[in-house]
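Participant: Have a look; sequence and predicted model below, questions after that.
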Amino acid sequence: TQLLEQSPQFLSIQEGENLTVYCNSSSVFSSLQWYRQEPGEGPVLLVTVVTGGEVKKLKRLTFQFGDARKDSSLHITAAQPGDTGLYLCAGLNSGGSNYKLTFGKGTLLTVNP
Amino acid sequence: EAQVTQNPRYLITVTGKKLTVTCSQNMNHEYMSWYRQDPGLGLRQIYYSMNVEVTDKGDVPEGYKVSRKEKRNFPLILESPSPNQTSLYFCASRGVSFGYEQYFGPGTRLTVT
């Protein structure tokens, strides 16, 4: 079973601070996705990274896929209260059935005004 | 508007009383999945379907059934619900595009007493 470990599990910061959350695995994934989930709603895709070493930016969010495609990070610059939510990483299997996403348990981010 | 719909959104039932949670998507997606989300355990896949009449078990299939008679619908059936199936359930769908973006429904909060 492929596992994705996310850290930290909880993060509470003040508006304007920077933060990084991590997603690590001992397994290789063909691609990795980051989702954000707000209370009472389903997760919404933020980004997909495919190539080892790839960096993608989405406004104040920067996503990086590790060179070995086993880990990823999400960096938020100047966090805002609207960034509050549960951030989930999900890896797509590189072998076997390629229809399954494996999710990490998430990082619950709270940005205080 | 592209969306995944689930019904009901909230359900309280008693042990042993069969229930069905419906899921429908309007994006003509081939792949559909059911997940349950529990505190400390994250999102876990229950069943998935690659197309009509093609389904397979996910990580936690025990106590659940699914069917895929039409491309747009993927109902989740609990033949004899038990309290340990109290959870937040999400249906999701995605197409064959390279980004494998998965669209989630709004969730069904199920309580089994």
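Facilitator: Noted; the coordinates are in hand. Numbers count the residues shown, from 1 in each chain, chains lettered A, B, ... in the order given.
Participant: Which single residue of chain B approaches chain A most closely?
Facilitator: Proximity of chain B to chain A (Cβ to the nearest Cβ) peaks at B:Phe104, 3.0 Å away. To be clear about C-beta, it is placed using only N, CA and C from the backbone, and glycine gets the same treatment.
Participant: Surely that residue touches A:Pro43?
Facilitator: Yes. Counting by Cβ atoms under 8 Å, B:Phe104 sits close enough to A:Pro43 to count as a contact (5.2 Å).
Participant: which residues are common contacts for these two?
Facilitator: B:Phe90 (Cβ atoms under 8 Å, 6 or more residues apart in numbering or on different chains).
Participant: ok, the two, which is more surrounded?
Facilitator: For the pair B:Phe104 and A:Pro43, the greater number of neighbours falls to A:Pro43 (27 against 23), based on other Cβ atoms under 10 Å in any protein chain shown.
Participant: before we move on, what SS does the residue most central in space within chain B have?
Facilitator: Centroid-nearest residue in chain B: B:Trp34, 2.9 Å away (criterion: Cα atoms, centre = their mean). Here B:Trp34 takes the strand state, with states given by DSSP: H, G, I helix; E, B strand; the rest coil.
Participant: Kindly state the beta-bridge partners for it.
Facilitator: Taking DSSP bridges, one obtains B:Tyr47, B:Cys91 as the residues bridged to B:Trp34.
Participant: How about A:Glu38: what's its closest non-neighbour residue?
Facilitator: A:Gly85 (4.9 Å; Cβ to Cβ, 6 or more residues apart in numbering or on different chains).
Participant: how many other residues sit next to the spatially closest residue to B:Leu19 that is not a sequence neighbour?
Facilitator: Sequence neighbours aside, B:Leu78 is the residue nearest to B:Leu19 in space, at 5.2 Å (criterion: Cβ to Cβ, 6+ apart). B:Leu78 has 21 neighbouring residues, counting by other Cβ under 10 Å.
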